[in-house]
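Q: could you look at this predicted model? Sequence included:
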Amino acid sequence: MEMDRFGKLLKDPALYDNANKLVANGNQLVADVNAGKGHAGQACQGRALAKKIDDTITRLNSITAQLDEGKGTAGKFLRIRPVQQCQRSSGGDAQSGQGRSARTPKNTSPFT
């Protein structure tokens, strides 16, 4: 008698439809998790995102260290003294453009 019930369940179209829906929902759930949707998806994606952020920060630290050391064109550019400092150290006024040239001595008179 129990075998008859089991046979009826296997041949029952409603059971078949429910099983198909269950499998389809399971597939959708896995797809959503893989896409980072929902709490479970975000938790799974969180590790990958954290690794990407860590790699980016490591790379930025390397680039800024090279800039600080004056490496590369950008690093050399950052090491150049500003024009105003150069003109001030030569005794000139940066805004008026008046200052001693490196070629012109301060006192050109032979009688001093």
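A: Great, that's in hand. Numbers count the residues shown, from 1 in each chain.
Q: where along the protein do the helices fall?
A: For the chain, the helices defined by DSSP state H cover 2-11, 13-34, 38-68, 72-79, 83-89.
Q: so which elements touch the second one?
A: Contact analysis of helix 13-34 by 3 or more Cβ pairs under 8 Å, 6 or more residues apart in numbering; DSSP states H and E lists helix 38-68 as its packing neighbours. The C-beta positions use only the backbone N, C-alpha and C, and glycine is treated the same way.
Q: got it, and the longest one?
A: The criterion is 3+ Cβ pairs under 8 Å, 6+ apart, and the helices and strands that helix 38-68 contacts are helix 13-34, helix 72-79.
Q: just put these in CSV and tack on mean neighbour count and distance to Ala40.
A: Compiled in CSV, the helices and strands packed on helix 38-68 are given as follows (neighbours: other Cβ atoms under 10 Å; distance: least, Cβ to Cβ, whole Å):
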stretch, mean neighbour count, distance to Ala40
helix 13-34, 11, 5
helix 72-79, 11, 44
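Q: turn the ones you listed into JSON lines, columns for mean pLDDT.
A: Shown next, in JSON lines, are those (pLDDT from 0 to 100):
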{"stretch": "helix 13-34", "mean pLDDT": "85"}
{"stretch": "helix 72-79", "mean pLDDT": "84"}
